[in-house]
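Chemist: need coordinates for the below:
(chains A and B)
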Protein chains: 2
Amino acid sequence: MADRLNQVSQIVSSSTTAASDTVPPFRVCVIGSGNWGTTIAKVVSENTTLRPQLFHEQVKMWVFEEKINGENLTHIINTKHQNVKYLPNITLPDNLVADPDLIDTVHDADIIIFNIPHQFLPRLITQMKGHIKPRARAISCLKGFHIDKVKGVCLMSSYVTDNLHIACGALSGANLAPEVAKEKWSETTVAYRIPSDFQGEGKDVDHAVLKALFHRPYFHVNVVEDVAGVSVAGALKNVVALGCGFVKGLGWGDNASSAIQRVGLGEIIKFGKLYFPDSEVETYYGESAGVADLITTCAGGRNVRVASYMAKTGKSAEESEKELLNGQSAQGIITCKEVHEWLEHDGKIDEFPLFEAVYQIVYGGKNMRDLPKMIEDLEGIDQE
Amino acid sequence: MADRLNQVSQIVSSSTTAASDTVPPFRVCVIGSGNWGTTIAKVVSENTTLRPQLFHEQVKMWVFEEKINGENLTHIINTKHQNVKYLPNITLPDNLVADPDLIDTVHDADIIIFNIPHQFLPRLITQMKGHIKPRARAISCLKGFHIDKVKGVCLMSSYVTDNLHIACGALSGANLAPEVAKEKWSETTVAYRIPSDFQGEGKDVDHAVLKALFHRPYFHVNVVEDVAGVSVAGALKNVVALGCGFVKGLGWGDNASSAIQRVGLGEIIKFGKLYFPDSEVETYYGESAGVADLITTCAGGRNVRVASYMAKTGKSAEESEKELLNGQSAQGIITCKEVHEWLEHDGKIDEFPLFEAVYQIVYGGKNMRDLPKMIEDLEGIDQE
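Modeler: Below is the predicted model of the structure:
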């Protein structure tokens, strides 16, 4: 690995004389500072320090400014090198700089990493328009879809490309943020398709550059081309995780949870192949962004915690999220609604019984104890 | 379901006049009385009571006789209707009869369900030879392989067929026994290929008969043809679960566990397609016997517990098994050895880095902390 990365650095270094606005060393920024945003910023900041020929050392992280005991969160991050609100007790590298100004964060960036609750993307994109480098490249760590009743289901990466006119890949994997932040071993998948305006090896972002940016000894990266597969799996696993949270909260045990995951993986693959026919089945069952992320999210992620809390307390999704997540989101709650609305519009609800059951439990007042029946009724299996 | 089962019962009932030694109502027996054997015996005994036209009500369960506080285990089961040693606190149906005599258990059975630690099968088969109905049918709930240096890797179901000359399918799924015993909702997969001496619908065991025998409101059965896929997944998941147990015991978290499961699923599929080319990839990622069983086994099964205990205490697999499992087995410990020996014989060790790493940790004194490196070295990924 070290050898390959050095090679890349050398190739890249030898070509920095070319006049271009995106030659290396690349400037990297991160949009978002929740626990996952801050963790990814930590990861890339460690790598930019290690590889000065490839990346500018400083990594800016856009932070939605808020006061913590009267002090600005950005100021706390930049002086104490901790995100005390969203990632407490994790020391951040000195070269990671919190910035409350979105335009200042992005205007000179060559690589823009999006890592925010996906419903905030459209507003931020609107603000960014006209203020980014034309040949910037982006990676979306967002989990969700943009639903357009005309265009259909859009990936967040496509939304970035359509609105900012820059190439955008995706990063997703079995990555519960607190564990990655503590540098426990995990894997992830980065998906990126080389764009038509690619400037050539050593002059532009490619798979080797992305591996150099994200791979750490504790965070093992596989780079693939299947942006759609990685994104669909990343978005829909949160819906499945709500289903697992219900059965866990009801005390139904591991067999029931894994049954929900099995049905969920099947619906993820079906949804992916239906709306993104180019996505590969192997991505869903073979990549960290696929089956592994599903498993880890259904074991211990936010969506499981919220749904389990709903089961135990009878409280709504909204209340549960508020009480448990300290201002962060359980994306499955929004995603299951988006998916429902799209499938209803497209006349395909019956083909996705688990997704629909989760939606009906969260928004339609259905009893979560009927989950097995709801799944199987729609699947056409008679009940005994 | 009820309708379909009634239909089957009627068809079957109308043909019972035919002179044959295996016409319905079928006699069912279970070989084995560990927690999973006893649980499956409970499941089928509930169904034989419900469907007298299809099955004899009494189900015999062969029990390896042992004394519990001076009393025979079979006597306790038959009077208290509890398997106090292996499945305490679960009431068994009255029509389930424990029998310490193997020949008495099997001699008149039309359907023989094997549910024992797989290393005991050859000895039992030897005893059974010549004492079973020639047209009996069998279902193997065994998890493991029979390795023959000439024939290669044999499924337990093939071992039954080769030695007893009766058709044999397989049952496997996301079925932690204590949860199924408590009637918590789960799914399973039954695989059965109709044999060439099939006596015809209504006169022989087919998919509908197997569904009628195993399906319960809390135990949802899918019947498929892919015996090899179901068996391979059921055997190898125990090896993967040992890997998960190591990383759990080391405190590495859910991301690491799901990474092991992802790599494991890939090796299961590769092994399956290499040695059983007819097995279907969809079985591995789409059936309860595939991905779902992998998940539930890696969440809370015996193999995880044993491996986690090894990680925490530094004790050997053998010691850990003895201290934790009350006389039962963690099949992964045997299976990883069988798999290693076969892959070594076949020159394919390098293609299965996780299986080999687990073997080396259990038997070769390798440090489990090197598991990520061992997996990736063999995969050809350079280390940083």
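Chemist: got the angle for the helix or strand harbouring residue A:297 vs helix B:293-300?
Modeler: Residue A:297 belongs to helix A:293-300 when elements are defined using DSSP states H and E. Calculated by axes from the mean of the first three to the mean of the last three Cα atoms, to 10 degrees, helix A:293-300 forms an angle of 30 degrees with helix B:293-300.
Chemist: for the following helix or strand past helix A:293-300, buried residues please.
Modeler: Taking DSSP H and E as the definition, the helix or strand that follows helix A:293-300 towards the C-terminus is helix A:302-313. By neighbour count with 16 or more other Cβ atoms under 10 Å in any protein chain shown, helix A:302-313 contains the buried residues A:302-311. For the C-beta atoms, the positions are set from N, CA and C on the backbone; glycine is no exception.
Chemist: equivalent analysis for stretch A:172-192, please.
Modeler: By 16+ other Cβ under 10 Å, the buried positions in stretch A:172-192 come out as A:172-181, A:183-192.
Chemist: over to stretch A:334-353?
Modeler: Applying a neighbour-count criterion of 16+ other Cβ under 10 Å, one finds A:334-340, A:342-343, A:348-349, A:351-353 buried in stretch A:334-353.
Chemist: so which residues of the stretch 101-250 of chain A form helices?
Modeler: Counting by DSSP state H, counting those that start in this stretch, one finds helices in the stretch 101-250 of chain A at the ranges A:102-106, A:121-128, A:156-164, A:177-181, A:207-214, A:227-249.
Chemist: between those, which gets nearest to chain B?
Modeler: Comparison of those against chain B by Cβ to the nearest Cβ identifies helix A:177-181 as nearest, at 4.2 Å.
Chemist: does that closest one reach chain B?
Modeler: Yes. Interface with chain B: helix A:177-181 contributes A:179-180 (Cβ under 8 Å from any Cβ of the partner chain).
Chemist: just name whatever secondary elements that helix is in contact with.
Modeler: helix A:35-50, helix B:253-275 (3 or more Cβ pairs under 8 Å, 6 or more residues apart in numbering or on different chains; DSSP states H and E).
Chemist: how about a markdown table for those helices, with distance to residue A:202, mean pLDDT and mean neighbour count added?
Modeler: Formatted as a markdown table, the helices and strands packed on helix A:177-181 follow (distance: least, Cβ to Cβ, whole Å; pLDDT from 0 to 100; neighbours: other Cβ atoms under 10 Å in any protein chain shown):
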| stretch | distance to residue A:202 | mean pLDDT | mean neighbour count |
| --- | --- | --- | --- |
| helix A:35-50 | 18 | 98 | 24 |
| helix B:253-275 | 32 | 97 | 25 |
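Chemist: list the ones among the buried residues of stretch A:172-192 that fall in strands.
Modeler: Of these, the ones assigned to strands by DSSP state E are A:172, A:186-191.
Chemist: quick one: which two of the residues you listed are the most distant?
Modeler: Across these, the longest distance by Cβ to Cβ is 16.9 Å; it joins A:186 and A:191.
Chemist: okay, domains of chain A per the record?
Modeler: Taking automatic domain parsing as the reference, chain A has its domains at A:2-225, A:233-379.
Chemist: that older thread, so which of the ones in strands among the buried residues of stretch A:172-192 are also by chain B?
Modeler: Contacts with chain B within those, as defined by Cβ under 8 Å from any Cβ: A:186-187.
Chemist: out of the ones in strands among the buried residues of stretch A:172-192, flag the one nearest to residue B:156.
Modeler: residue A:187 (32.8 Å).
Chemist: from residue B:258, how far off is the nearest residue to that closest one once chain neighbours are set aside?
Modeler: Distances taken as Cβ to Cβ, 6 or more residues apart in numbering or on different chains put residue A:288 closest to residue A:187, at 4.1 Å, once the chain neighbours are dropped. Counting by Cβ to Cβ, to the nearest Å, the gap from residue A:288 to residue B:258 is 8 Å.
Chemist: overlap of the contact sets of these two?
Modeler: Listed contacts common to residue A:288 and residue B:258 are residue A:174; contacts here mean Cβ atoms under 8 Å, 6 or more residues apart in numbering or on different chains.
Chemist: thanks a lot, see you next time.
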